[in-house]
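Asker: Quick one, structure for this:
(4 chains)
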2 protein chains.
Amino acid sequence: MKTASRQSGVVSLKDVANRAGCSIATASRALNGHPTVGAAERERVLEAASQLRYVANSAARALRSQETRLVGLIVPTLDHAIYARMVDGLQLQLEKAGISVLINSSGYDLEREETQARILVARGVEAVVMVGAEHRPETADYLNRAGVHQIFTYTTELGNGDAAIGFDNREAAGIAGRFLLDLGHRRFGMISGISEGNDRARNRRDGFVETLAAAGVPESEIVVIETSYNIDLGGAAMRSLMQTRPRPTAVFCGSDVLAVGAVRTCKSEGIAIPNEVSVVGFDDLEVAQVVTPELTTLNVPVKSMGEAAADATLALFRGGKDIVTHVPLRLVVRQSTGPAPAT
Amino acid sequence: MKTASRQSGVVSLKDVANRAGCSIATASRALNGHPTVGAAERERVLEAASQLRYVANSAARALRSQETRLVGLIVPTLDHAIYARMVDGLQLQLEKAGISVLINSSGYDLEREETQARILVARGVEAVVMVGAEHRPETADYLNRAGVHQIFTYTTELGNGDAAIGFDNREAAGIAGRFLLDLGHRRFGMISGISEGNDRARNRRDGFVETLAAAGVPESEIVVIETSYNIDLGGAAMRSLMQTRPRPTAVFCGSDVLAVGAVRTCKSEGIAIPNEVSVVGFDDLEVAQVVTPELTTLNVPVKSMGEAAADATLALFRGGKDIVTHVPLRLVVRQSTGPAPAT
DNA sequence: CTGTTAGCGCATTCAC
DNA sequence: GTGAATGCGCTAACAG
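Answerer: Residues are numbered from 1 along each chain as shown, chains lettered A, B, ... in the order given. Now for the predicted structure:
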């Protein structure tokens, strides 16, 4: 610590009680809205607290009450904007309820995720919010034994969790697939995220392929490439796809990050979008409206998903269980998609 | 909490001491690697702890030792990717040192920032990392009194802080200004972030204007519009700028978010970039390489800035003071800039 | 080297 | 309705 620290500058419950001219017990009761406090006394305490800008020491409160009002969050990455806005929504909403958020990013590594979950438990978090439904079984076991709630986002599969806030990735991919089918496309490519350890990527891939198969598209007409979420890699994948013969006329990307790379490749290779190939993204990041042509993509309301995750967390604290919340997805049609070119 | 939880199932230091057959003081010392513990005793304690899967109660430890190994972070927003990568770098680096990060976003509101700083102090953070050097004096006072280190990022002005990790925004804007002057431009526009309560925005604006003035550009030839960091608002600002007569031939934007909006406006209004107007951004977000034309912009190495902020934080913990770290800025010239059009 | 003692700040029991 | 006293689990003096 920096100086003689703490005690010197920080106001404690005792200070509030002194100023209000009552005991710390009464001050505590007043602040916590305990009913058995005289109206006048309560008023004086509240006034004193606000003048002093009193904020309860959470370590002491946690020690005493066994409630930390701390929530852990583990996201795969903050490198792209994808999860940042969800964090924003979650934090803002939880802050209103007096809950603080410990943040971690796992780099899409389920083993690091487990380590981070352990750290969070040691920190006393009462819930851990993660992305997706696929995690190491050890993570779930540990969290369970520690009595820590598990909230999954970007999914509606409860799995080992206590709450799932998101959407069905399979279904979402199906929307994209049907949209492209309706435009007359019959030869498809998909640029998927790495499905290993990533149920969102896997379900999007499977949902897309299954939808096409159900419509009678032979497997040979569906080429899937998996790659990390990175613009350049998305571009490289598109290059490969455009070299297959016959060439796909429609490409679905598991993320706008990949889609944007794909668009860039087409531009540099002189492949016309959507005339020669249609591209559909996923997420509706800001960037989707900024590339040329603007990207048709599935809009994920990330911020409200974060807020909903916060609400679910609070509901779990109040005794709720097995909460599943669907957030609405919506295909935003822009200029990167069009009818299949005549053969 | 979820189950009967904690107290029931959770092992405390006392349990470990019992099992090891020593006092809790000795157990504590052994666990904390205190040198004055007999080798045999230490071994027994460690063994007992691991058998019981003992994890120290961090609330109790924090309350007693005033050491939380907790750092607070307040960023203006997580809505855009701007700060997210910095968070990533900071968290990853601090995690290695056993420090956890509490995240908050203030919405560019210095008053909310103050509230959040208070909350963080109540949570026992030992340092608060913020963006920029301008904050409410009350915030600095409070943090100081609480003995909490203040680390500022995106700036090299120490101000009331203990460490500053970033770059000189004035100077950075000067680089952009000189670059445009060298291209022969003489009529300028700037789309700036709101300077009120935002020293980064203000310094970029002032640095740009001063550089031009020093080169003999009359004030009447420099039009500055301030607006929030938002693509659409950037576009609207560009529209205004393009309606002034004579029209600026070069526009500097305080953020790529604004610049991208500006580019979009030009596209829709049929204004050629860079032939009719040059556009320079700031940040070098991914999106800069994705718009057409690709954006000339100042690259800010955000992730390493986050890591450097983490390093500075650790250095402060070790007794360092007044740490200033410069991160290297670099003008990335792409296609959105060119020579001033002939008049 | 080890045990005993004393709080950290708060919420809560028990008296009054 | 209010105050005094107790202890959450832990670490740090202080003795021995």
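
Asker: Could you measure from the residue of the stretch 201-343 of chain A found nearest DNA strand C over to A:Ile99?
Answerer: Per CB to the nearest atom of the strand, A:Phe317 is where the stretch 201-343 of chain A lies closest to DNA strand C, at 14.9 Å. No exception for glycine: its C-beta is placed from N, CA and C like everyone else's. A:Phe317 sits 9 Å away from A:Ile99, going by CB to CB, to the nearest Å.

Asker: quick one, which of those two is more surrounded?
Answerer: A:Ile99 (21 against 18; other CB atoms under 10 Å in any protein chain shown).

Asker: for A:Val280, helix, strand, or coil?
Answerer: Judged by DSSP: H, G, I helix; E, B strand; the rest coil, the three-state class of A:Val280 is strand.

Asker: Give the other helices and strands that the helix or strand hosting A:Gly189 contacts.
Answerer: For A:Gly189, the element it lies in under DSSP states H and E is strand A:188-192. Counting contacts by 3 or more CB pairs under 8 Å, 6 or more residues apart in numbering or on different chains; DSSP states H and E, strand A:188-192 packs against helix A:199-214, strand A:222-226, helix A:231-243, strand A:250-253, helix A:256-269.

Asker: May I see the buried residues of the fourth one?
Answerer: The reference is to strand A:250-253. Buried residues in strand A:250-253, counting neighbours by 16 or more other CB atoms under 10 Å in any protein chain shown, are found at A:Ala250, A:Val251, A:Phe252, A:Cys253.

Asker: Isn't the first one up against A:Leu180?
Answerer: If I follow you right, that is A:Ala250. Yes: under the criterion of CB atoms under 8 Å, A:Ala250 is in contact with A:Leu180, at a separation of 4.4 Å.

Asker: ok, and what's touching stretch A:228-235?
Answerer: Residues from elsewhere that reach stretch A:228-235 (CB atoms under 8 Å, 6 or more residues apart in numbering or on different chains): A:77, A:80, A:82, A:191, A:193-194, A:227, A:253-255, A:257-262, A:264-265, B:286, B:289-290.

Asker: Any of these buried? List them.
Answerer: Using 16+ other CB under 10 Å, the buried ones in the contacts of stretch A:228-235 are A:77, A:80, A:82, A:191, A:193, A:227, A:253-255, A:257-262, A:264-265, B:286, B:289-290.

Asker: So A:Gly161 is in contact with A:Ala133, correct?
Answerer: Yes: between A:Gly161 and A:Ala133 there is a contact under CB under 8 Å: 6.9 Å.

Asker: any common contacting residues for the two?
Answerer: Overlap of the contact sets of A:Gly161 and A:Ala133 (by CB under 8 Å, 6+ apart) consists of A:Phe152.

Asker: any low-confidence regions in the stretch 1-150 of chain A?
Answerer: For the stretch 1-150 of chain A, applying pLDDT under 70 flags the ranges A:1-9.

Asker: For the one helix or strand A:Ala40 maps to, C-alpha coordinates in PDB please.
Answerer: Element membership of A:Ala40, judged by DSSP H and E, is helix A:39-52. Provided in PDB are the C-alpha atoms of helix A:39-52 (Å, rounded to 0.1, in the frame of the first residue of the first chain):
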ATOM      1  CA  ALA A  39     -37.500   7.600  11.600                       C
ATOM      2  CA  ALA A  40     -35.600  10.500  13.100                       C
ATOM      3  CA  GLU A  41     -32.600   8.400  13.900                       C
ATOM      4  CA  ARG A  42     -32.600   6.900  10.500                       C
ATOM      5  CA  GLU A  43     -32.700  10.200   8.800                       C
ATOM      6  CA  ARG A  44     -29.700  11.500  10.800                       C
ATOM      7  CA  VAL A  45     -27.700   8.400  10.000                       C
ATOM      8  CA  LEU A  46     -28.500   8.600   6.300                       C
ATOM      9  CA  GLU A  47     -27.600  12.200   6.300                       C
ATOM     10  CA  ALA A  48     -24.400  11.700   8.100                       C
ATOM     11  CA  ALA A  49     -23.500   8.800   5.800                       C
ATOM     12  CA  SER A  50     -24.100  10.900   2.600                       C
ATOM     13  CA  GLN A  51     -22.200  13.900   4.000                       C
ATOM     14  CA  LEU A  52     -19.300  11.700   4.800                       C
END
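
Asker: touching DNA strand D at all, the very next helix or strand once past that helix?
Answerer: Counting by DSSP H and E, the next helix or strand C-terminal to helix A:39-52 is helix A:58-65. Yes: Helix A:58-65 reaches DNA strand D (CB under 7 Å from any atom of the strand) through A:Ala60, A:Leu63, A:Arg64.

Asker: Find the residue closest to the closest residue to DNA strand D within the stretch 201-343 of chain A in space, skipping its chain neighbours.
Answerer: Closest to DNA strand D within the stretch 201-343 of chain A is A:Phe317: 20.0 Å, counting by CB to the nearest atom of the strand. Distances taken as CB to CB, 6 or more residues apart in numbering or on different chains place A:Glu126 nearest to A:Phe317, at 6.8 Å, with adjacent residues excluded.

Asker: Wasn't A:Thr36 part of a strand?
Answerer: No: using three-state DSSP, the assignment for A:Thr36 is coil, not a strand.

Asker: Please name the residues that touch it.
Answerer: A:Arg29.

Asker: Kindly recompute the last result at 10 Å.
Answerer: A:Thr36 makes contacts with A:Thr26, A:Arg29, A:Ala30, as judged by CB atoms under 10 Å, 6 or more residues apart in numbering or on different chains.

Asker: Now flag whichever of these is closest to DNA strand C.
Answerer: So of the contacts of A:Thr36, ranked by how close each gets to DNA strand C (CB to the nearest atom of the strand), first place is A:Arg29, at 5.4 Å.

Asker: which SS state does that closest one fall under?
Answerer: Classification of A:Arg29 using three-state DSSP returns helix.

Asker: on that earlier part again, mind putting the buried residues of strand A:250-253 into a markdown table with pLDDT?
Answerer: Converted to a markdown table, those look like this (pLDDT from 0 to 100):
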| residue | pLDDT |
| --- | --- |
| A:Ala250 | 98 |
| A:Val251 | 98 |
| A:Phe252 | 98 |
| A:Cys253 | 98 |
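
Asker: With respect to chain B, which of these is nearest?
Answerer: A:Cys253 (13.6 Å; CB to the nearest CB).
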